[in-house]
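>>> Provide a 3D model corresponding to the input given below.
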Amino acid sequence: MLAISVAGIAYAQPAPPAGAPAASAPSAPPVSITAGQIYKDSQSGETAAYDNAQVSYGDKTLSGDVIFYNPDTGDGRVEGSAVYQDPKSRLEAERADFNTITGLGTLYRASGKFDNLYNLRGAKIQRVEEDRYVAREAGLTTCKCEDPQWEIESSYADVTVDGYAHLTNPVFHAAGVPVFYLPYLPVPVKNKRATGFLMPAPAYSDNLGFQVENKFFWAIADNMDATLTHHYLGEAGNKYGAEYRYIFRDFSGQFNGEYIQETDPDQPTDRNLWRVLFDHRHNLPWNIRNVFHINKESEESISRQYSESLTDRSRNYNDSYVTFSRSWPTRTVTLMAREQIALDPSNAQTLRKTPELRLINQKESIKGTPLYWSLESSYTGFRTENGLDEYRTTFDVERADFYPSISMPISISPFLSLEAAAWYRATWYSRGQDTSGNPVDESFTRQYYQTSFTVTGPKFFRIFETGTPERPALKHVITPKLVWNYIPGYEMDGENRQNVYVIDTVDSAPPTNAVALQIANDLLAKDVLSPESSRTVSLARFVATQPFDIIESNRTESPETEKRPLAPLQLEFRSRPADWLLFNYSTTYNHYDKFWETSTLEAGLKLWDVANIALDRIYKWGGKDGQDSTWDTAYLEVKLPWNLSLDFSWVYDEANAKTTNSLVRARFREDCWGLAINLDQRQLTKTAADGSSYTEDERRIMFTITLLGIGDILGGEQPAYARKKL
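Just a heads-up that it's a prediction; the model follows:
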């Protein structure tokens with residue numbers, strides 16, 4: 001029965017006669033009408049409600065000055081101050097039509113919120129489907145205030161909740177001022193993924209001209225999606241891309257592919273550049289972990305020229321591998337195949353490992369004794385390629401390595417400890433190469449042992465009282481350490497040791513007899529967190545290390561070969577005296593030539609919530625006949641008044657006195673929208689007619705408008721080149 005409650009009095013609509021056929025129309029939800037006064041026409045059955053009238057059906061409610069309702073058809077209308085509500089929406093209107101059976105209706109001169117985020121207004125708003133609205137003379141925004149900071153006006157809007165708003169003749173208004181017009185604009189209005197086109201990202205380059213990137217997102221299922229990309233690069237041509245992502249219970253992965261049909265007039269010929277990047281992770285039975293990583297690209301690298309990522313553009317090689325691994329608490333077994341291909345045309349190298357079987361046992365106690373043991377063993381098939389075309393050389397070798405160790409740490413006191421360790425290495429090679437570069441085509445086994453002895457301490461310390469309750473004490477600790485390493489000379493299996501073709505650190509076994517003295521200074525602080533708890537924090541650490549080569553010191557000296565037993569002095573300083581300040585510096589000093597060989601500087605500063613500053617500087621000596629290299633990277637972020645912010649990232653090559661990359665981003669952020677301008681300068685890698693490569697500067701400008709709940713409706717931001725923050 002359809003019950004109508006009238007000011008506490010229930011009226012009932014008679015039920016259909018017994019045996020009557022069921023109606024084909026949708027069944028009506030229960031309807032309730034309340035008001036100060038209710039009148040029911042006995043002839044037509046129509047109900048009129050006055051004085052705070054409200055009609056409820058299902059999860060929907062309409063209220064207003066007057067409500068007219070026909071229970072036979074489900075049709076009704078609200079006159080004066082109409083308000084429509086459901087769990088996701090609340091719209092106010094001058095008047096409204098509704099139907100309790102279909103749940104559809106029309107509001108006139110209406111405005112309000114739907115999907116608990118989007119504000120919609122219109123001369124006429126129709127609810128044509130359960131989650132779809134059609135509005136004429138419409139306005140759409142996510143701003144909460146009565147005078148919105150932005151709004152998109154359109155003559156016609158077709159809006160699907162958790163889908164798209166298809167706008168006809170849209171005009172974007174910012175602060176009441178029209179900014180731009182389009183004949184048509186699809187706008188995402190959703191809180192979850194949905195298939196559709198993403199907003200275009202235009203840019204302008206002084207080198208390549210106008211550029212624009214378009215993307216189509218495909219929500220295939222809850223556990224997978226894809227993005228298809230077309231990027232018009234101006235004079236450089238067109239770049240096409242595809243991304244596919246998937247997640248299942250036991251495996252997940254991502255595929256990325258890109259292709260450029262290049263038409264750059266600065267290039268001697270049009271090129272087809274491509275790259276494939278595939279990552280897959282799989283949890284197999286018996287706790288076996290599988291990782292599959294493929295990174296392949298055309299011989300002329302697409303990433304070094306066109307990637308937006310500085311890391312990609314400066315990468316030295318592409319690395320592809322597949323691994324199967326099983327781990328226990330102290331050991332791991334790994335089966336791997338790997339290929340590494342150099343990207344720099346002047347350094348054409350390829351290294352393949354097919355396959356590599358590796359067993360690693362971490363250091364563990366031998367049945368509760370003071371002795372500890374560990375093991376690294378592997379079998380690897382190598383293939384190396386060097387050079388290009390007719391100058392390419394290859395070397396194939398198989399290697400089996402067995403490398404156990406035994407050690408015994410001895411703690412004499414809390415201030416003094418000793419550790420003695422010994423290793424034995426036996427390595428079988430299928431072939432080799434002698435010191436003159438001639439091949440050794442017979443298999444052989446290289447054997448040697450290695451020992452080390454470490455003395456740590458005695459430690460010295462002093463405690464300083466500060467008199468402050470937050471940090472009552474500082475502790476300065478001085479820790480000396482002496483380390484001796486020994487590998488016997490070539491009197492032990494010397495011929496085989498020198499016939500090894502060196503590929504990695506396993507193959508390198510030069511005679512070693514060296515000591516290193518290290519002195520560490522640590523400044524610690526006691527921070528009181530509460531009357532019951534405190535913590536110890538490291539404020540600064542300074543370490544000086546001086547290696548000394550005993551073999552070199554005992555060598556017979558000649559005027560042409562000066563003895564140089566002292567290796568470069570190593571100095572390292574690391575500090576974090578406060579949460580807002582960081583300063584690290586490391587360097588190596590050559591005693592004999594009186595210069596600093598390398599240095600690395602890291603500095604970071606945070607000024608309240610107003611500014612972040614980070615600076616890195618890396619210097620490397622280029623050798624007697626080479627060129628020194630010094631790279632500076634900097635990042636600055638400043639928050640300004642009026643919701644403005646500015647950040648600047650910069651990469652500078654001191655050796656060539658040239659900025660290689662820089663990016664300035666200015667942003668304006670409000671509660672419901674944002675605006676950004678990106679000014680980008682970078683270097684493009686070009687190929688000359690003779691096949692040589694050169695660089696050319698490119699400057700780009702990108703303009704971005706971001707709307708809350710909608711995303712970027714124009715443009716896209718370039719990631720910072722060197723973004724480091726405390």
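>>> partner residues bridging Ser365?
Bridge pairing for Ser365 (DSSP bridges) gives the partners Tyr372.
>>> what's the neighbour count on it?
10 (other C-beta atoms under 10 Å). Every residue, glycine included, has its C-beta placed from N, CA and C.
>>> do the same with Thr354
Using other C-beta under 10 Å, Thr354 has 12 neighbouring residues.
>>> Leaving out chain neighbours, which residue sits closest to it?
Ala337 (4.9 Å; C-beta to C-beta, 6 or more residues apart in numbering).
>>> what's the helix or strand for the one you found?
Assigned by DSSP states H and E, Ala337 belongs to strand 331-342.
>>> That strand - what's its average pLDDT?
Average pLDDT, strand 331-342: 94.
>>> need the helices for this protein, in chain order.
Shown for the chain, the helices assigned by DSSP state H span residues 303-306, 310-313, 494-498, 550-553.
>>> contacts for the second one?
By C-beta atoms under 8 Å, 6 or more residues apart in numbering, the surrounding residues in contact with helix 310-313 are Ser303, Arg304, Gln305, Ser307, Val651, Asn661, Thr685, Tyr721, Ala722.
>>> Return the helix or strand in the protein with minimum mean pLDDT.
One helix or strand of the chain scores below all others by mean pLDDT, DSSP states H and E: strand 9-12, with a mean of 35.
>>> Quick one: neighbours of the residue nearest to Thr354, just the number.
15.
>>> give the contact list for the residue nearest to Ala48 when sequence neighbours are not counted.
Excluding the flanking residues, the one nearest Ala48 by C-beta to C-beta, 6+ apart is Tyr39, at 4.7 Å. Counting by C-beta under 8 Å, 6+ apart, Tyr39 touches Thr47, Ala48, Ala49, Tyr50.
>>> which residues sit in contact with the first one?
When contacts are counted by C-beta under 8 Å, 6+ apart, Thr47 is found next to Ile4, Val6, Ile33, Ile38, Tyr39, Lys40, Asp41, Ile67, Phe68, Tyr69, Asn70, Pro71.
>>> The same query, at a cut-off of 6 Å, please.
Residues near Thr47 by C-beta atoms under 6 Å, 6 or more residues apart in numbering: Lys40, Tyr69.
>>> What of the third one?
Listed by C-beta under 6 Å, 6+ apart, the contact set of Ala49 reads Ile33, Ala35, Ile38, Ile67.
>>> Among the residues you listed, which one sits closest to Arg331?
Ile33 (75.4 Å; C-beta to C-beta).
>>> That closest one: neighbour count?
25.
>>> now do Thr588
Thr588 has 18 neighbours, counted by other C-beta under 10 Å.
>>> quick one: which of the contacts of helix 310-313 has the most company?
Tyr721 (24 neighbours).
>>> Distance check, that one against Ala634.
Plainly put, Tyr721 is 10 Å away from Ala634 if you go by C-beta to C-beta, to the nearest Å.
>>> And Tyr429, by the same measure?
In this view, Tyr429 and Ala634 are 48 Å apart by C-beta to C-beta.
>>> contacts for stretch 698-710?
If you take C-beta under 6 Å, 6+ apart as the criterion, stretch 698-710 is touched by 117, 142, 187-188, 203-207, 672-682, 684, 712-715, 717.
>>> need the contact list for Thr384.
By C-beta under 6 Å, 6+ apart, the contact list for Thr384 reads Leu351, Phe395.
>>> State the pLDDT value of it.
Confidence for Thr384, expressed as pLDDT, is 92.
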